[in-house]
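1. this is a predicted model, with the sequence first.
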Amino acid sequence: MTTAIEKHIIQGLKNGYSQNLVLKTDFDTLQSTTIEYLFTVNVAQELIKWNNDNSYKYGIFLEYDATKFVQQAFEQAKFEGEDIFNLELLNADTHCSCRTGRIDIAITQETTGLFSYDKSLVGIELKGIIKGYTKVAEDIKRLAHAMQQMDKISDNSIEACYCGFVWRLDNPETVFSDDDYDTKLEKFKKQVAEKLCKEYEGVNVTAEYHDIEKSTVSEVLGGYDLSEHELDEGEVSNMTGAVVATLIKISRK
């Protein structure tokens, strides 16, 4: 299930970036700021397609209460006993999120039986172009905490969680070369590994990267030298750069 979801999240991030260009009436394909909620909406639209492929057997919720997401990772109640005449009603423990608020998107599935409920399966947090890692790190911590919770009544139903965001690799004021792309991408990956892919008990945190826009000076000028064009360095720097969609996955070990 999760592999298909990942593809739709990445596509949603790409669609969100493109929609930013349209709704800002700014067709400069290299942006430094974005409207964040457009990414949530576009990822949700992609997940509706995924849910359609799965006969709409899942629930997709926007702005889902974080504590409810944790609480409903467990059966709410069940009877336990050796026979029908000696049953004991067991209730789930009370679980709270380590940070109150709402999760951008939650995927749930309705259970059947006497104590039916919408069990939590996947939590997704999304950002537009970010310029620091603090808020993403806080989102990862909250989602990892949700997956770490245990209860006497049942196993934790959360299968995986994700944090998606967009990062601009280049400095808009300098010309961006092929070597710059390779160097800055590797630097960015190292920073993500150090600041976001931290060790959490019982879960793995990994990252994958997908180009949204990549325009190096060789691609923009078609292999010609800058001096051969009637463009100054400032104009070329505005035309070159790279934007990367990043997906952080929190999965069980």
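-> Structure's in. What do you need?

2. ok, which stretches of this protein are helices?
-> 2-23, 37-53, 66-71, 134-148, 178-195, 217-221, 233-239 (DSSP state H).

3. tell me, please, the helix or strand in the protein that averages the lowest pLDDT.
-> Sorted by mean pLDDT, DSSP states H and E, the helices and strands of the chain end with helix 233-239, the least confident at a mean of 63.

4. just to revisit the earlier point, so of the helices of the chain, which one's packed in deepest?
-> helix 66-71 (a mean of 22; mean count of other C-beta atoms under 10 Å). All C-beta spots, glycine's among them, are computed from the backbone N, C-alpha and C.

5. mind exporting it as CSV, just the C-alpha atoms?
-> These are the backbone C-alpha positions of helix 66-71, laid out as CSV (Å, rounded to 0.1, in the frame of the first residue of the first chain):
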residue,chain,number,x,y,z
ALA,A,66,-3.2,14.7,16.1
THR,A,67,-4.4,13.1,19.4
LYS,A,68,-7.3,11.4,17.6
PHE,A,69,-4.8,10.0,15.1
VAL,A,70,-2.8,8.4,18.0
GLN,A,71,-5.8,7.2,20.0
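
6. what lies in contact with that helix?
-> Helix 66-71 is contacted from outside by 92, 94-97, 99-103, 106, 120, 123, 142, 145-146, 149, 158, using C-beta atoms under 8 Å, 6 or more residues apart in numbering.

7. now, of these, which are buried?
-> 92, 95, 97, 102-103, 106, 120, 123, 142, 145-146, 149, 158 (16 or more other C-beta atoms under 10 Å).

8. could you work out the most separated pair of the residues you listed?
-> Across these, the longest distance by C-beta to C-beta is 21.4 Å; it joins 92 and 102.

9. check what contacts stretch 53-64 and list those residues.
-> In contact with stretch 53-64 (C-beta under 8 Å, 6+ apart) are residues 4, 40, 44, 47-48, 51, 102-110, 118, 121, 123.

10. same question for stretch 76-90.
-> 91-92, 114-115, 117, 152-154.

11. likewise for stretch 11-24?
-> The contact list for stretch 11-24 (C-beta under 8 Å, 6+ apart) reads 27-29, 31, 34-35, 38-47, 126, 128, 164-166, 210, 212-213, 243, 245, 247.

12. please repeat the previous calculation with a cut-off of 6 Å.
-> 27, 34-35, 38-39, 42-43, 46, 164, 212, 245 (C-beta atoms under 6 Å, 6 or more residues apart in numbering).

13. still on that earlier bit, among the contacts of stretch 76-90, which pair sits farthest apart?
-> Spanning the widest gap among the contacts of stretch 76-90 are 114 and 152, at 18.5 Å by C-beta to C-beta.

14. what bridges to residue 160?
-> Residues in a beta bridge with residue 160, per DSSP bridges, are residue 122, residue 251.

15. and stretch 72-91, what's its mean pLDDT?
-> Averaging pLDDT along stretch 72-91 gives 75.

16. for that stretch, buried residues please.
-> For stretch 72-91, by 16+ other C-beta under 10 Å, it's 72-76, 78, 90.

17. output those residues as CSV; include the columns distance to residue 184.
-> What follows is the buried residues of stretch 72-91, written out as CSV (distance: C-beta to C-beta, whole Å):
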residue, distance to residue 184
72, 41
73, 38
74, 43
75, 48
76, 48
78, 53
90, 54
